[in-house]
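Novice: sharing a sequence plus its predicted fold:
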Amino acid sequence: MASLLKAGCLAIVLLSALLASATATITTVELVDASSSSINLNYDSQTESYADGSVANPNAFVKICADNSADLLNKFVGLCYKVGNEKIFLHVLPAQITTLDSSNCTTLDVDLSFLSARYPGNLTLVLSQTSDLSNPNFEMFSIPAYLNGSFILLYTKGSGKISATLLEARDQNSSKINYVGNYILLGLLNSAQNVEDVKRVNLGQSTDLSWSGDPNFSFSINGLRYNQGSSNVIYCGDGVCSAPYENSQNCPGDCVPPQPTGAVFGYSPPFECKWLSTYDGEARPDKPITLLYSHDCTPIRNVKIELSAPVINARILTVGNESNIPEIKPYGTVFGYFSFEHNIPKEKIAKVAIQFKLPKSALSAKNMSVDDVKLERYQPQAKTWIELPTKFVSEDTQYYYFEAASDSLSTFAIIAYRPVTAPAPTPAPKPEVPKEEVQPAVQPAKAPFIRATFILLTTILILVGVGFYLHRRGAAVAVEKVAPAPITPRPETPRLETLAMAPIEAPAMPVRDLKEIEQKIAKIRQEISDLPAKISIQKIPEFAEKEEAKLEKPKIESSKAKKTKAKKIKAKTKQKREPSLDTLIKDVEKKLK
């Protein structure tokens, strides 16, 4: 703002001088809007220019007044940047003065072109008798109206010259203007405010201006004046690295740290090379902090720090090698350490990009490749090293170049290691499914196990039935007619085991019948005793195996199902009784009656 006020004062002085010396007697020159209020124009980001009638600006007019109407009628008017005798026209077309009011004033719609009105400046009015505004038929009058904004200029002194570079152009909000074009006039003024030299330049372009040696020089950029020592004018050569505008590339005399002591970087412990690099200045989200390292002692090439919020008086100290090495060492071969001491809050650091280099000979000596190189960051709280995303960028005859990304500043280590990969597991052979062998059919035995079981069960049931029937009779029967025997108490019902193992006591019967019964019983017992000898244990038929399997895994049956099954077995048993035995029982009953 101070620069603009100084430029305004200079413009008023120049206007007074021009009005006093001009042939035409011009009394008023100003930039106004439709209501005749004085205005300045702002930078419009959509058109990337100071064109009037845009989103950022109203339609602009030039108001001119003179003592005599003849000084203005039928003349042509245009607008331009002007330094010395050099000018850059900014209008679309010149406007012609055809009428004047009673005060000999006129208001002209002179449109600024978005093609040429690209940068800040002080407007100058051109008044000419010809439409091409050519020499010598024109006069120039400085207008106290501005295209709002400013420039950042870096310069060095030389023998008979000043080397100057326009680093940045900023708009009314101090935002950077990204457009690059040669619509800038850069002039060198001596202490008498006379222009010693002027050049038409681009942003970022360094140019030499002739210098008489006057120590009280200043600069004029598109009509805006900048003095030595202002915040917008940076002198490379005062021994102070004015970051972020000075660095080791555009001002190595101020910004390159002193050469480190000790041996050249050897990439093997102990690290004898020590070095320091500092940064001190303002930092903003729209302008990342860039740290450059040019000496061979350090493997770092540059560090770019992007911020999420502004930081006033940001300070960064870079320390290399032996300093601040943590006790816990990272895994792998270490090629170098470096750390950052700073006052930037961690939450304001958006991204950190670190570029570094390693000599090819160092990697080959360790039998490593570029894929094995990593940058790791130390975490003091956890006391551990974190591997950062690292990528190989390029190479030359001596070095490999890498870049890594981090989200904070701390202690870093350049390492290399080859991950140990576990051998791939050998696939297990597929198990061979054995072919089913066809077993020869087993011939059924002559005396199957089930048949023997059925005979034994049938015999037991018959004996139980006979004994139970005789017991119910409850009276002794004599062979011949005798007196009835006394009544005896009913004996206990014998258990199944007793009936099966002991002979049944029957009432007295005729000898002949008793002998037949005993013979039958003896015959049945003989058949039962001979059964084990007749069963072939080694030749069990397939259906017997199935029955045994059923017995191994018995099904849980309900009580109702068990009763039904017992009835079926009893019915089958009755059907298979031998007829001779039935006849015998019937005969016994008849005789008992």
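Specialist: It's in.
Novice: in the stretch 51-200 of the chain, where is pLDDT below threshold?
Specialist: Within the stretch 51-200 of the chain, the stretches with pLDDT under 70 are 135-137.
Novice: apply 90 and report the result again.
Specialist: Judged against pLDDT under 90, the low-scoring parts of the stretch 51-200 of the chain cover residues 70-71, 85, 91-94, 110, 113-115, 129-145, 178-182.
Novice: now do the strands in it.
Specialist: 61-66, 76-83, 86-89, 95-96, 105-108, 121-128, 138-147, 150-158, 161-170, 184-189, 195-201 (DSSP state E, counting those that start in this stretch).
Novice: can you list contacts of stretch 180-189?
Specialist: 81-84, 86-88, 116-119, 153, 162, 164, 166, 169, 195-204, 207, 209-211, 217-223, 225 (C-beta atoms under 8 Å, 6 or more residues apart in numbering). Glycine gets a C-beta too; all of them are placed from N, C-alpha and C.
Novice: please repeat the previous calculation with a cut-off of 6 Å.
Specialist: For stretch 180-189, contacts defined as C-beta atoms under 6 Å, 6 or more residues apart in numbering pick out 81, 83-84, 86, 88, 116, 118-119, 162, 195-203, 209, 217-218, 220-222.
Novice: over to stretch 395-406?
Specialist: Defining contact as C-beta under 6 Å, 6+ apart, one finds that stretch 395-406 is touched by 352-359, 370, 373, 375, 377, 388-394.
Novice: name the nearest residue to residue 208, sequence neighbours excluded.
Specialist: Distances taken as C-beta to C-beta, 6 or more residues apart in numbering place residue 161 nearest to residue 208, at 4.6 Å, with adjacent residues excluded.
Novice: how close does that neighbour sit to residue 219?
Specialist: Distance, residue 161 to residue 219, using C-beta to C-beta, to the nearest Å: 14 Å.
Novice: between those two, tell me which one has more neighbours.
Specialist: A count of neighbours by other C-beta atoms under 10 Å puts residue 219 above the other of residue 161 and residue 219, at 24 against 15.
Novice: tell me what that one is bridged to.
Specialist: residue 188, residue 226 (DSSP bridges).
Novice: ditto for residue 128
Specialist: residue 76, residue 138.
Novice: pretty sure it contacts residue 140?
Specialist: No. If you go by C-beta atoms under 6 Å, residue 128 and residue 140 don't touch, sitting 9.5 Å apart.
Novice: ok, how many other residues are close to the residue lying closest to residue 164 once chain neighbours are set aside?
Specialist: Setting aside the residues directly before and after it, residue 164 is nearest to residue 155 in space (C-beta to C-beta, 6+ apart), at 4.3 Å. Look at residue 155: counted by other C-beta under 10 Å, it has 20 neighbours.
Novice: with residue 299 instead?
Specialist: The number of residues packed near residue 299 is 24, by other C-beta under 10 Å.
Novice: thought it was touching residue 356?
Specialist: Yes. Under the criterion of C-beta under 6 Å, residue 299 makes contact with residue 356 at 4.6 Å.
Novice: just for the stretch 201-350 of the chain, where's the confidence low?
Specialist: Using pLDDT under 90, the flagged stretches of the stretch 201-350 of the chain are 204-205, 229, 231, 237-305, 307-346, 348.
Novice: can you show me the helices along it?
Specialist: 252-255 (DSSP state H, counting those that start in this stretch).
Novice: can you map out the strands along it?
Specialist: Going by DSSP E, counting those that start in this stretch, the stretch 201-350 of the chain shows strands at 206-210, 218-221, 224-227, 233-235, 276-283, 289-292, 300-307, 311-320, 333-342, 349-359.
Novice: how about the ones you listed, which one is nearest residue 30?
Specialist: strand 224-227 (18.0 Å; C-beta to C-beta).
Novice: quick one: list the elements packing against the closest one.
Specialist: helix 2-21, strand 218-221 (3 or more C-beta pairs under 6 Å, 6 or more residues apart in numbering; DSSP states H and E).
Novice: can you do 8 Å?
Specialist: The contact analysis (3 or more C-beta pairs under 8 Å, 6 or more residues apart in numbering; DSSP states H and E) places strand 224-227 against helix 2-21, strand 150-158, strand 218-221.
Novice: burial measure for the closest residue to residue 347 other than its chain neighbours, as a count.
Specialist: Closest residue to residue 347 apart from its sequence neighbours, by C-beta to C-beta, 6+ apart: residue 308 at 7.4 Å. Residue 308 sits with 11 neighbouring residues when counted by other C-beta under 10 Å.
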